[in-house]
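**Student:** need coordinates for the following:
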Amino acid sequence: MSEEDALVDEFFSEVNDKYYPQVLEGIDMLEGGDLGEGIEILSRPLHTIKGVTGFMSGFEYASGFTHKVEDFLKKVQAGSVEQSSENITLLSRAVNMIFQVVEQIRDEGVPDEEEPNEILGKIDEASGSGPQDEALAFDGVDTEEKQGVLVLRVKDARVHLAPQRDLLTSAIMQADPGSSILLDLSRVLTFNSAAWETIAAYSEAFKIAVFGMCPACKTTFYSWGMDDRVAVHPDEESYFTNAAPGTENN
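**Tutor:** Alright, predicted model coming up:
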């Protein structure tokens, strides 16, 4: 068993034996009207789950989702979000969804993001911020036209949420069909399978290549078979020397 597998096994053992019972107790207190004690009980397992999943390859979405639920929990606790029955119900639903997300990633490799993203939208509304704030929180993608190639330089260290994938899609669509796209991941620490699927979905319409992948990015890339659809180069210079348009006869 690898060190990563051992970490995942240990995490889910803690989830089943410790965190989930704590969460059930906290939710019971919330729904019973003991808001202060319920939030105190919930805050401990949520903080731990957020931190541990942040170090587990493939679980980045779970960490990001838990982080947003934890922020909402703190806002309810501080009173900056109305402590209404609707918001308490939303908080309970969001906390339960954390466990559904981590189990889906464990069992399927990726989460079904539709319901979690719906919950995040409701949290945005309850917190007084619109959904556009989600995209603005990211550093995004810089684009550069170089020797007939659209270079996409990803600036976020971790790419695993739907708004980030939307930014990638918008950047890709700046290119003309059939043209070449080079993805620069030199600043990226993790790039999850859903993000790779977003890139690969355009591999028939564009000639896509990538460079600058860190070990974690490579692990996800190769384990999901993306090398069949996206060309890999060690660095930018290598690509423009050997694979860019006009180098075929070099």
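**Student:** okay, CA-based contacts and neighbour counts for the rest of this
**Tutor:** Noted.
**Student:** low pLDDT regions in this protein?
**Tutor:** 1, 129-139, 247-250 (pLDDT under 70).
**Student:** how about a cut-off of 50?
**Tutor:** The chain contains residues with pLDDT under 50 at 129-137, 249.
**Student:** nearest residue to the middle of it?
**Tutor:** Most central in the chain under CA atoms, centre = their mean is His160, positioned 2.2 Å from the mean C-alpha point.
**Student:** close enough to count as contact, that one and Asn192?
**Tutor:** Yes: using CA atoms under 8 Å, His160 is in contact with Asn192, at 5.3 Å.
**Student:** which residues are in contact with both of those two?
**Tutor:** Glu60 (CA atoms under 8 Å, 6 or more residues apart in numbering).
**Student:** what does the residue nearest to the centre of the chain show for phi and psi?
**Tutor:** Backbone torsions for His160, taken as degrees, to the nearest 10, come to phi -150, psi 0.
**Student:** just Ala243 next, same as before
**Tutor:** phi -130, psi -10.
**Student:** can you list contacts of stretch 81-97?
**Tutor:** Applying CA under 8 Å, 6+ apart, the contact partners of stretch 81-97 are 23, 27, 30-31, 66, 69, 72-73, 75-76, 116, 119, 122-123, 126-127.
**Student:** among the residues you listed, which ones are buried?
**Tutor:** Among the contacts of stretch 81-97, those classed as buried by 16 or more other CA atoms under 10 Å are 23, 27, 30, 66, 69, 72-73, 76, 116, 119, 122-123, 126-127.
**Student:** buried residues, the longest helix along the chain. List them.
**Tutor:** Of all segments of type helix in the chain, defined using DSSP state H, the longest is helix 85-108. Buried residues in helix 85-108, counted by 16+ other CA under 10 Å: 87-88, 90-92, 94-95, 97-106.
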